[in-house]
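Peer 1: A structural model of the following input is requested.
(chains A and B)
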Amino acid sequence: MRIATWNVNSVRQRLGHLLDFLREAEPDALCLQEIKCLDTDFPRAEIEAAGWQVETHGQKTFNGVAILSRSKLEDVRRGLPGDEADAQARYLEGVLPLGPGIVRLASIYLPNGNPPNTEKYPYKLGWMARLTAHADMLLKQEEPLVLAGDYNVIPEPRDARDPGAWVSDALFLPQTRAAFRALLDLGLTDALRSTTDAGGLYTFWDYQAGAWQRNNGIRIDHLLLSPQAADRLAGVQIAKHVRGWDKPSDHVPVMIELT
DNA sequence: ATGTCGCATTCCATGCGA
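Peer 2: Okay, the predicted model is just below:
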């Protein structure tokens, strides 16, 4: 089974690329982030016509997540538990068939948190604490679990072309990295890091300052696996070439293969 | 490099979020 995640930076702007990627990569499921539209404005008909089931959790203008899948997503949860007052659409979870069993899959758009001297940063850290509490509960179910998305976290210096440029950024502050480690320490595996120690593997290149042309990237899109999913991991791919397409997202898809 | 996108609106210019 192939599971991918991609921050598309507006699904309506990226519909052509999205359909191209689905045809090319043939995933069984694709988690989307930053769809940037209401559920009613999602280009559902075009995607369903290509043979996909669609579940969305959108909002006007910003954020918004979705899961596309060949099989129908069951047991769907919209929104991250732990704060009823949080109106931002950043979490969507459901269950898909995997062999004779199931896999639980979440599409995650973790808050950016910049600038750190504003209320945005404590919101990010609070969201990470809520995600950790929810993941802890899910892990107790001892099933294949994939938490996929744009984490807005650079885990380590080797995950940035120029780590020094990020030392004061919410994506790389020590508290951010510690919170990400705390999530992993529950017993989750960073899929890419379980297959390679190499640096220079990025998933995001800023639109500004020729970041793509200079390969000035960072790795912030991650798939975190429960032990039952990690045991079945057969490969990880970053679809870097997608960043070279015309009018691309600033993120590229990341995909895992589960046996 | 203060270098780009996408959204929204009071709309052809500007502010916000990233």
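
Peer 1: going forward, measure contacts and count neighbours with C-alpha atoms only.
Peer 2: OK.

Peer 1: hmm, stretch A:82-94 in reach of DNA strand B?
Peer 2: No - using CA under 7 Å from any atom of the strand, stretch A:82-94 stays clear of DNA strand B, coming no nearer than 9.3 Å.

Peer 1: Quick check: nearest residue in space to the residue positioned nearest the centre of chain A, chain neighbours excluded?
Peer 2: Compute the mean C-alpha point of chain A, and by CA atoms, centre = their mean the closest residue is residue A:149, 0.7 Å away. Computed as CA to CA, 6 or more residues apart in numbering, the closest residue to residue A:149 that is not its neighbour in sequence is residue A:108, at 4.5 Å.

Peer 1: any idea where the strands of the stretch 151-259 of chain A begin and end?
Peer 2: A:189-190, A:204-205, A:217-218, A:221-225, A:233-238, A:254-258 (DSSP state E, counting those that start in this stretch).

Peer 1: Go through those and name the closest to DNA strand B.
Peer 2: strand A:204-205 (9.9 Å; CA to the nearest atom of the strand).

Peer 1: residues making contact with the closest one?
Peer 2: Contacts of strand A:204-205 with the rest of the structure, by CA atoms under 8 Å, 6 or more residues apart in numbering, involve A:211-212, A:215-221, A:250-252.

Peer 1: change it to 10 Å
Peer 2: A:7, A:150, A:152, A:160, A:211-221, A:240, A:243, A:249-253 (CA atoms under 10 Å, 6 or more residues apart in numbering).

Peer 1: again with stretch A:73-80
Peer 2: If you take CA under 10 Å, 6+ apart as the criterion, stretch A:73-80 is touched by A:29, A:53-58, A:65-67, A:86-97, A:104-108, A:127, A:130-131, A:134.

Peer 1: Straight-line length of stretch A:145-156, end to end?
Peer 2: Stretch A:145-156 has its terminal residues 23 Å apart, counting by CA to CA, to the nearest Å.

Peer 1: Quick check: buried residues in it?
Peer 2: Neighbour counts over stretch A:145-156 (16 or more other CA atoms under 10 Å) mark A:145-155 as buried.

Peer 1: Can you turn the buried subset of the contacts of strand A:204-205 into a selection I can paste into PyMOL?
Peer 2: To isolate the buried ones among the contacts of strand A:204-205 in PyMOL, judged by 16+ other CA under 10 Å, type:
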select buried, chain A and resi 7+150+152+160+212+216+217+218+219+220+221+240+243+249+250+251+252+253
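
Peer 1: Run through the contacts of strand A:204-205 and flag the ones next to DNA strand B.
Peer 2: Subset of the contacts of strand A:204-205 in contact with DNA strand B: residue A:249, counting by CA under 7 Å from any atom of the strand.

Peer 1: Residue A:159 against residue A:203, yeah?
Peer 2: Yes - when contacts are counted by CA atoms under 10 Å, residue A:159 is listed as touching residue A:203 (9.4 Å).

Peer 1: Can you work out which residues contact both of these two?
Peer 2: With CA under 10 Å, 6+ apart as the test, residue A:159 and residue A:203 both reach A:217-220.

Peer 1: Show me what from the stretch 1-150 of chain A comes close to DNA strand B.
Peer 2: So the stretch 1-150 of chain A meets DNA strand B at A:9-14, A:36-37, A:60-63, A:111-114, A:120 (CA under 7 Å from any atom of the strand).

Peer 1: From the residues you listed, keep the buried residues only.
Peer 2: Buried among those (16+ other CA under 10 Å): A:9-11, A:14, A:36-37, A:62-63, A:111-113, A:120.

Peer 1: Now intersect the residues you listed with the helices, please.
Peer 2: The subset of these located in helices under the criterion DSSP state H comprises residue A:120.
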